[in-house]
Structure formats: C-alpha cells, structure tokens
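1. Show me how the following folds:
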Amino acid sequence: MSWDSRNHGLPFIPGFTFPDVTKSTFHRPQTLKYNKGYALAPRPTVGIGQDPLLSEQLIQQEISNLSIETPDITYGSSDQSIVKVFIPAYVAFDKKVLCYDAYFQENIQYSPEEKCWVHPVVIYYYLEDDSMSIFEPIVENSGLSQGKRLKRQRLPKNERGEHYQWKDLNIGMDLEVYGVKYHITQCDTFTKDFMESEGIVLNEPEPIPVDPYSKRDKNPQPSFTKASGFDDLHQFLTMDCMVLRFFALWEDADNLFEETRPVTIQYYLVDDTVEINEVYNGSCGRLPFPVLMRRLKLAKKRKPSESFPSCVLEVSAAEVDEYYSPKDFQVGQMIELLSRHFLLYDCDGFTKEYYQKNHPDLEMKPLEVPKKTDLLQEKKTEAPPSNGFGSQEECAKDFRRQKPGMRKANNQPTKALIM
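-> Just a heads-up that it's a prediction; the model follows:
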C-alpha cells in the first residue's frame, strides 16, 4: 500500500496510517514485458493503485544526503576497535625449521676392540605443525644403513599422549624417541635467534665424542709384514689400459710341415702379463679360436728346484727369480715363450713411442716380411731311390709323372644282382 508523508504529515508506523476510502483501483503495475522476443523486467514507477512511489518523489540532492548520512545510535557510539588480522600457524611459520646437532651410541657386544659406535645425527623441528624428523649423514664406504632414521611426524613425549614442543628442546638434553636417546650438542644460528626471541636461554654447545672405530682408522696399528719393493697401486693408476703390441711369426717346428704362423703378442703394462693370439685370414680353414696363450705372467728365470721332477704346472712367485719385462721384447729379435720361438718383426705406434721414451737404448727396427705367408709352405720334394726295377733316372721320371687327382665318380647305375 502506498503512503505519502507530505499529504498526511504522520509517521509511517502502525496506528498512524489510514486507508484511503475513496480509492477504487488496487492493481499492481506491470513489471514484466517482452521486447523483440526477449523478457525484460522494467522498474516500476508507480505503486499499487497508481499511487506515487516515495523514491520517485526524492530529488537527487536528498538521495545523496541519505547515502552519506550515518545516523547515531542512542545507546552508544558508532566507533569500533580495530580487529587484528588472524594469521594461521601454517602461514606464519611456513618453511621455518629448527635444526639441532645430536648423536646416539650403539653398543657393540661381540667385539674385543670396541665397545660402542657413535652416530652423529641432525634433528629438524618444523614450527608449522610441531613435527620432527631425524637424519643421519651418509658416510661413504661405512657399511652401515644411514640416511633418514625417522620420517617427519609428531613425536610422543610421555604416556599421557603429549608431544614434544619447541620449548622442550635445548642443548645438552637427552631426547628419547622410541627407545633411542639422542643427546643434543648444538644448533644453528636461526634456532639460536628464535629461542632467544621467545625468552629461552640455550646452554653452551658441546662437542660430539670421537667414534672409537674412526679413531682406530686414523691411527692404524703397526704392521709387521715386510714392505713391498714395488708399488703395485702406482703401477695400476699410471699404466692402466696401456698395452704393448708386437707382430711376430711363430715357427711351429713340431708340425710335420714346419709351419710359420702370424701372431700378435700383447704385453699389459698394468700387471706385466703376456697374451698371444693367432691371426687368421678368410680362407685359412682353421677353427675360430685365435687365443694361442691366455693372459698370464711368464717366468723368465726360475729358482733351482729341490725336488725333480715337479708335478705342479703353475709356478708361484716364490719360485721365480725374474719375470719377462718390456726390455726383453725387441723388434727384429727372436724370443722364446713357453718353449715356442717367435720372431718379432714389427709393433704398433704406441709401442714405439713407449720404447723411445722409456728404453731409448733398444733399437725397434721393423723387418721385411713376405706379403703372403701360407700356412703350408711349399717344400721341395726329391725323388725316392731306385727299388731295383729300372735305373735311377727311370724311377725319377716316373715319380715326376705322377700327379694325384680326384677320383672319377661312377655315374652308371648299378645292376641288380640276381640271386
């Protein structure tokens, strides 16, 4: 129902409003229409029964005054105290971690040399959720399971369900976690500043005791073994992957036809071992097993044996006076290895540089070798002596006339035998 305060002059409260008895129209104004197929909701300009609206009677100045004006409350002032902004803990303490250095001892029961091991650890306390984690630094080649000892979690303080807080931690105290006592020795700069800002005085830092096992490694016990005259480790570090390669001819005198086979001799400088491999061509007709002698250390001079004959094929180092060395291999000379004779006729480029640098007195001059070395060399055959039938000339003539050839195949079908 519309109401006009300027006409009546009464406040718009119950008991001061009276209906207009002369009014005969009570329909609502139209607030929904369609324009070109679209539904529109226009703002009404008149009230029920065509009564004027109060908002339409206000001028722009009055509307501005109403929007600016703040009415006073009779029972108090409108001024309120400033509310502080609430910051949750996970925002205020994000990425803020307290770091403590500590250690724990592990008892060793069955060792006559040591009683316990000292394990240094690092304890992290996360302020955002009061959780803790324990990490043991990894020591290379220690043989122990190190790394993360305890994943991040809230650690129980007692049987009443309480958990450790940052106020409970201090230098010099024992932190007992799941039956293991961690003794805190010191902390970092951020932890020290944070604890002092909260009014907690930290104790003096303590040193971590020395591990007996590590102390024994730094001060090794005296050894009574005789020192070696040659440093094998230095030879391994300096001569690793260095091989002297020689090209040689093996004169196989034990063969019926006295063959001469090409071979390669490898001398490994890292451990003074020798290996011999045969060189095969595509049509040699031999099985593909080129290793003539496996890699081993060859003895050059042996000590005289007390018992002869010896039933041991392998010779120990105590029975050898001298082994083969690089100065025993010289291009152009014959060398005997395991009762086999080899003629060294050439070597590779690295071998030549090695001898020029370390053995300049040895001359490494290659020999000229025929381009084609057949496995079965042609041997001049002589005619056998006369057997009494004819003269020597006739026997020699018959011998030269003989030419062995292939047997002719019998392609004729065999006739069936009639029994």
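2. Where does pLDDT dip in this structure?
-> Within the chain, the stretches with pLDDT under 70 are 1-9, 55-63, 66-81, 216-230, 253-258, 305-314, 370-381, 402-419.
3. Dump the host helix or strand of residue 267 to CSV, restricted to CA.
-> Element membership for residue 267 (DSSP states H and E) is strand 259-268. Provided in CSV are the C-alpha atoms of strand 259-268 (Å, rounded to 0.1, in the frame of the first residue of the first chain):
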residue,chain,number,x,y,z
GLU,A,259,104.5,-74.1,-40.5
THR,A,260,105.1,-70.4,-39.9
ARG,A,261,102.0,-68.6,-38.5
PRO,A,262,101.5,-64.9,-37.9
VAL,A,263,100.6,-63.9,-34.3
THR,A,264,100.2,-60.8,-32.2
ILE,A,265,101.8,-60.6,-28.7
GLN,A,266,100.2,-58.2,-26.2
TYR,A,267,102.2,-57.1,-23.2
TYR,A,268,100.0,-55.5,-20.5
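4. hmm, who's touching that strand?
-> Contacts to strand 259-268, defined as CB atoms under 8 Å, 6 or more residues apart in numbering, come from residues 242-252, 273-279, 292, 295, 324, 326, 329, 337, 342, 344, 373, 375-377. Where C-beta positions appear, they are placed from N, C-alpha and C, glycine not excepted.
5. What of stretch 190-200?
-> 96, 98-100, 166-167, 170, 187, 201-202.
6. repeat that for 10 Å
-> Here stretch 190-200 makes contact (CB atoms under 10 Å, 6 or more residues apart in numbering) with 93, 96-100, 125, 127, 166-167, 169-171, 186-188, 201-202, 205.
7. ok so, going back, report the buried members of the contacts of strand 259-268.
-> Among the contacts of strand 259-268, those that count as buried by neighbour count (16 or more other CB atoms under 10 Å) are 243-244, 246-251, 273-276, 278, 292, 324, 326, 329, 337, 342, 344, 375.
8. Which members of those residues are positioned in strands?
-> Those of the buried ones among the contacts of strand 259-268 mapping onto strands are 243-244, 246-251, 273-276, 278, 292, 337, 342, 344, per DSSP state E.
9. where do the helices sit along the stretch 1-150 of the chain?
-> Using DSSP state H, counting those that start in this stretch, the helices found in the stretch 1-150 of the chain span residues 5-8, 54-57, 60-68, 89-92.
10. which residue ends up closest to the midpoint of the chain in space?
-> For the chain, residue 140 is the residue whose C-alpha lies nearest the centre (CA atoms, centre = their mean; 13.9 Å).
11. how near is that one to residue 146?
-> If you measure residue 140 against residue 146 using CB to CB, to the nearest Å, the figure is 10 Å.
12. With residue 139 instead?
-> According to CB to CB, residue 139 and residue 146 sit 7 Å apart.
13. Mind checking which of these two has more residues around it?
-> residue 146 (15 against 12; other CB atoms under 10 Å).
14. you'd agree that one is up against residue 136?
-> Yes - with contact defined as CB atoms under 10 Å, residue 146 and residue 136 form a contacting pair (4.8 Å).
15. list the residues that contact both of these two?
-> 119, 121.
16. number of nearby residues for residue 105?
-> 16.
17. List the contacts of the nearest residue to it once chain neighbours are set aside.
-> Spatial nearest neighbour of residue 105, chain neighbours left out: residue 116 (4.7 Å); criterion: CB to CB, 6 or more residues apart in numbering. Residues near residue 116 by CB under 10 Å, 6+ apart: 104-108, 209, 211-213.
18. so how far is residue 346 from residue 116?
-> Separation of residue 116 from residue 346 (CB to CB): 66 Å.
19. Could you do residue 166 as well?
-> 79 Å.
20. Equivalent analysis for residue 334, please.
-> Taking CB to CB, one finds residue 334 at 14 Å from residue 346.
21. With residue 384 instead?
-> Residue 384 is 41 Å from residue 346, by CB to CB.
22. if you count what's nearby, which of those two comes out ahead?
-> A count of neighbours by other CB under 10 Å puts residue 346 above the other of residue 384 and residue 346, at 18 against 10.
23. Between residue 139 and residue 146, which contacts overlap?
-> The contact sets of residue 139 and residue 146 overlap at residue 119 (CB under 10 Å, 6+ apart).
24. Give me the sheet partners of the strand holding residue 267 and which way each runs.
-> Paired neighbours of strand 259-268 in the sheet (DSSP bridges): strand 243-252 (antiparallel), strand 273-278 (antiparallel).
25. Redo the ones you listed as TSV? Include distance to residue 358.
-> TSV is the format used below for the strands paired with strand 259-268 (distance: least, CB to CB, whole Å):
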stretch	distance to residue 358
strand 243-252	10
strand 273-278	18
